[in-house]
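**Student:** Have a look; sequence and predicted model below, questions after that.
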Amino acid sequence: MGIALGPNQYGKAEVRLVTVDRQGPVHHLKDVTVSTSLRGGLERTHLTGDNTDVVATDTQKNTVYAFAADGVGQIEDFALRLAEHFTGAFEHITGARMLISEHGWNRIDVDGTPHEHAFSRAGGEERTTAVTVQDGRAWVVSGLTGLTVLKSTGSEFHGFPRDEYTTLAETTDRILATAVTARWRYSAASGIDWALSFDEIRRTLLEAFAAKHSLSLQQTLYAMGEAVLEARPEVAEIRLSLPNKHHFLVDLSPFGLSNENEVFHAADRPYGLIEGTVIRDDEPADAAGLAWYSLPEF
Ligand SMILES: O=c1[nH]c(=O)c2[nH]c(=O)[nH]c2[nH]1
């Protein structure tokens, strides 16, 4: 029986990078976390310890910082620059995956005026991208996480099967809340205004969530994905992961009080987790080259 080295990749995970653009009195912050991962002819180091082909992860980290000296710009552009550098500069490196999360910051208002160099972290939300370059092709999968939204009405849930384990009451008026994770695959890796596309997709997701009278979070998920594909031709496919952040009506009757859908217990766990893909029917479910790096399945 033979033993062989299978697929492998390596890189520096979670390089924390902050840049300050201080060209004028108004500073601009960029705060990202970059994970690099390289693939290629790396048999020698695994099998014999010969590191001739190993671009050290320390070098990868340094490259991230060095490239940032020119500005990070859009995270898709930064990731493409890095991925193309690693695959172009080193003969044995044939594939590169760059994962970047961007951490948002808001200017602090002082007496109603945005401060020139003081910021507060935007709550929990991150913009992401995963860029894959392989065999001369590039794929861009961008997204967001932690976009927390809530509807205080306009949500129902009923008609589900009941068995001996079912206790959930049917409802025609409940709170619907979720923290959106979305990943969308672009149909091209160039010629796209990444910032505009992101802003419009985010706005579309929010509007669809708000507008949809929901009979289930699953229905809302589909409506959000459908709205993005209708509005944004550059998006081939979108995957959504929506935790159902349950808000349970508190029984106030022991205290002699009624509760007219006003007082809820916001439970953190367990939570329903609703996940799904919305895709154009003329798109392959997954481009072949993405097999290694494939779109997160949630
Ligand atoms: O929108 C919902 N979808 C479900 O599948 C589900 N299951 C559940 O208990 N509550 C809900 N809500």
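**Tutor:** Ah, there it is.
**Student:** And for residue 261, nearest residue in space, chain neighbours not counted?
**Tutor:** Nearest non-adjacent residue to residue 261, counting by C-beta to C-beta, 6 or more residues apart in numbering: residue 173, 6.1 Å away. All C-beta spots, glycine's among them, are computed from the backbone N, C-alpha and C.
**Student:** For this protein, list the residue farthest from the centre, please.
**Tutor:** Distance to the chain centre peaks in the chain at residue 256, reaching 45.6 Å (criterion: C-alpha atoms, centre = their mean).
**Student:** How much space separates that residue from residue 168?
**Tutor:** 26 Å (C-beta to C-beta, to the nearest Å).
**Student:** And for residue 269?
**Tutor:** Taking C-beta to C-beta as the measure, residue 269 falls 16 Å from residue 168.
**Student:** Show me which of these two is the more surrounded one.
**Tutor:** Legend: neighbour count by other C-beta atoms under 10 Å for residue 269 and residue 168, higher for residue 168 (10 against 7).
**Student:** Tell me the buried residues in the longest strand belonging to the chain?
**Tutor:** Counting residues, the longest strand found in the chain (DSSP state E) is strand 113-134. By neighbour count on 16 or more other C-beta atoms under 10 Å, the buried set for strand 113-134 is 119, 125-134.
**Student:** next one: stretch 100-115
**Tutor:** 100-105, 107.
**Student:** where do the helices sit along this protein?
**Tutor:** Secondary structure of the chain (DSSP state H): helices located at 43-48, 57-68, 75-89, 194-211, 217-231.
**Student:** So which elements touch the third one?
**Tutor:** For helix 75-89, the elements it packs on are strand 28-40, helix 57-68, strand 93-110, strand 113-134, strand 137-151, helix 194-211, judged by 3 or more C-beta pairs under 8 Å, 6 or more residues apart in numbering; DSSP states H and E.
**Student:** got it, and the last one?
**Tutor:** Packed against helix 217-231, as judged by 3+ C-beta pairs under 8 Å, 6+ apart, are the following elements: strand 176-186, helix 194-211, strand 235-244, strand 272-279.
**Student:** Dump these to JSON lines, plus distance to residue 62.
**Tutor:** Shown next, in JSON lines, are the helices and strands packed on helix 217-231 (distance: least, C-beta to C-beta, whole Å):
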{"stretch": "strand 176-186", "distance to residue 62": "29"}
{"stretch": "helix 194-211", "distance to residue 62": "25"}
{"stretch": "strand 235-244", "distance to residue 62": "33"}
{"stretch": "strand 272-279", "distance to residue 62": "37"}
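**Student:** Please identify which of those is closest to residue 145.
**Tutor:** strand 176-186 (4.5 Å; C-beta to C-beta).
**Student:** which neighbours does that closest one have in its sheet, and in what orientation?
**Tutor:** strand 137-151 (antiparallel), strand 235-244 (antiparallel) (DSSP bridges).
**Student:** tell me, which of those strands is the model least confident about?
**Tutor:** Here the strands paired with strand 176-186 differ in mean pLDDT, and the lowest is strand 137-151 at a mean of 89.
**Student:** If you count neighbours, what's buried in that one?
**Tutor:** 138-147, 149, 151.
**Student:** Over to stretch 34-50?
**Tutor:** 34-40, 42.
**Student:** Can you give me the neighbour number for residue 135?
**Tutor:** The number of residues packed near residue 135 is 9, by other C-beta under 10 Å.
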